[in-house]
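Asker: turn this into a structure:
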Amino acid sequence: MRMFLRRVGYVGTICLGSAALMVHAQTPAGGAAKPASAPTTRPTTAPIPASQLLDSLLKPASSSGQPLQPIKDTPVMDATTGRAALAPGAPQLTLMREGSYIVDRVGRLTRSADGQIFELTFESDGKVLKDPPMVIQPNQKLMQMENAVQGSNRDIRFRVTGMVSEYKGRNFILLDKVVVVPDVVQQF
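Answerer: Numbering: from 1, shown residues only. Now for the predicted structure:
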């Protein structure tokens, strides 16, 4: 970019690729502008019309990415049920669909079999056992649950609400709301 300064104002040429722009300054009141004696630069090629330049900028790229195809909507079995379950003869259960919500369900915070991740083990009636544990996705709600369990000397139950996702044969839950369920107080 070239710019020539003068005492009263400035006159210059700004080169932008193949287009050139002449810049002239306003002169102060009462002053006369002197003609610029410096040479001006000229574009080496003919200028591109604005509509053609705009069309070339708005044209989509030729090598666009391919969208991911949706996963088939067939029922997927939970990887921790059936033969993989501890209890003999445990039924094979289907996963909950991704995007569904668990609302105000009671459960306990447990560690997985390998001790690496936390799971939400739902309370059930003790007969059907149709709710396999869900892996809890790490967030601040999980951290609050961990702190509550560490700071207590009793078995803590939680009432949770969250969104379910699925990955490699397991259900995961992203917790939105967690409330500690108080112990039942016997009244006389």
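Asker: in stretch 148-157, what counts as buried?
Answerer: Across stretch 148-157, burial judged by 16 or more other Cβ atoms under 10 Å covers Val149, Arg157. Every C-beta, even on glycine, is put in place using the N, C-alpha and C of the backbone.
Asker: mind listing the strands for the protein?
Answerer: Applying DSSP state E to the chain gives strands spanning 2-5, 10-16, 19-24, 101-111, 118-122, 134-136, 157-167, 170-181.
Asker: list the strands paired with the last one, with their directions.
Answerer: The sheet places strand 170-181 alongside strand 134-136 (parallel), strand 157-167 (antiparallel), with pairing taken from DSSP bridges.
Asker: now the longest helix that the chain contains and strand 118-122, what's the angle there?
Answerer: When the chain is parsed with DSSP state H, its longest helix is helix 140-150. Helix 140-150 and strand 118-122 are oriented at 80 degrees to each other (axes from the mean of the first three to the mean of the last three Cα atoms, to 10 degrees).
Asker: what's near enough to touch Glu98?
Answerer: Counting by Cβ atoms under 8 Å, 6 or more residues apart in numbering, Glu98 touches Val164, Ser165, Glu166.
Asker: which residues touch the longest helix of the chain?
Answerer: Counting by Cβ under 8 Å, 6+ apart, residues outside helix 140-150 touching it are Leu109, Phe118, Ile136, Ile156, Phe158, Gly162, Leu175, Asp176, Lys177, Val178, Val180.
Asker: of the contacts of Glu98, which is the nearest to Val76?
Answerer: Nearest to Val76 among the contacts of Glu98: Glu166, at 6.8 Å, using Cβ to Cβ.
Asker: pretty sure that closest one is touching Met96, no?
Answerer: Yes. Under the criterion of Cβ atoms under 8 Å, Glu166 makes contact with Met96 at 7.3 Å.
Asker: where does the prediction get shaky in the chain?
Answerer: Under the criterion pLDDT under 70, the flagged ranges of the chain are 1-40, 42-44, 61-66, 68-71, 73-75, 78-92, 125-129, 185-188.
Asker: from the strands of the chain, which stretch is densest packed?
Answerer: The highest mean neighbour count among the strands of the chain, using mean count of other Cβ atoms under 10 Å, belongs to strand 134-136: a mean of 22.
Asker: ok, residues contacting that strand?
Answerer: Outside strand 134-136, the residues touching it (Cβ under 8 Å, 6+ apart) are 102, 109, 112, 117-120, 122, 142, 145, 164, 170-173, 175.
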